[in-house]
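S.K.: sharing a model prediction with you, sequence too.
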Amino acid sequence: GEDITQGLPRVEELFEVRKPKGQAIIADANGNIKLHEAKEKREAELLGDDGEKHTYKIPFGSRLMVK
């Protein structure tokens with residue numbers, strides 16, 4: 001049998017607090033955001049405080065952080 005401690009480095013990696021690789025800002029504006037998901041696509045729609053509407057395609061598997 002394998003030692004249970006062999007999986008601990010991976011567990012530690014999962015819980016480690018760090019900035020994700022490939023981090024990017026997709027929109028630098030104030031407003032409201034709506035997420036739309038379908039089988040073939042995922043989109044974030046931003047309605048800015050200035051009234052402008054922007055739509056961004058989001059790859060599946062990506063995590064979004066809205067501040």
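M.R.: Perfect, thanks for sending it. Numbering: from 1, shown residues only.
S.K.: please count neighbours and contacts with C-alpha atoms only from this point.
M.R.: OK.
S.K.: so where's the protein shaky on pLDDT?
M.R.: 1-2, 20 (pLDDT under 70).
S.K.: strands of that one, start to end?
M.R.: 31-37, 42-48, 53-57 (DSSP state E).
S.K.: just name the most buried of the ones you listed.
M.R.: Most buried of these by mean neighbour count (mean count of other Cα atoms under 10 Å) is strand 42-48; its value is a mean of 17.
S.K.: which strands and helices sit next to that strand?
M.R.: strand 31-37, strand 53-57 (3 or more Cα pairs under 8 Å, 6 or more residues apart in numbering; DSSP states H and E).
S.K.: what's in contact with the last one?
M.R.: Residues from elsewhere that reach strand 53-57, judged by Cα atoms under 8 Å, 6 or more residues apart in numbering: 26, 41, 42, 43, 44, 45, 46, 47, 48.
S.K.: what's the most distant pair in those?
M.R.: Longest distance between any two of the contacts of strand 53-57 is 22.2 Å, between 41 and 48; criterion Cα to Cα.
S.K.: re the thing from before, possible to save the contacts of strand 53-57 as JSON lines with distance to residue 15?
M.R.: Formatted as JSON lines, the contacts of strand 53-57 follow (distance: Cα to Cα, whole Å):
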{"residue": "26", "distance to residue 15": "25"}
{"residue": "41", "distance to residue 15": "29"}
{"residue": "42", "distance to residue 15": "27"}
{"residue": "43", "distance to residue 15": "28"}
{"residue": "44", "distance to residue 15": "27"}
{"residue": "45", "distance to residue 15": "31"}
{"residue": "46", "distance to residue 15": "31"}
{"residue": "47", "distance to residue 15": "34"}
{"residue": "48", "distance to residue 15": "34"}
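S.K.: and which of those residues is nearest residue 61?
M.R.: Nearest member of the contacts of strand 53-57 to residue 61, counting by Cα to Cα, is residue 42, at 10.0 Å.
S.K.: and the closest one, how close does it get to residue 7?
M.R.: 34 Å (Cα to Cα, to the nearest Å).
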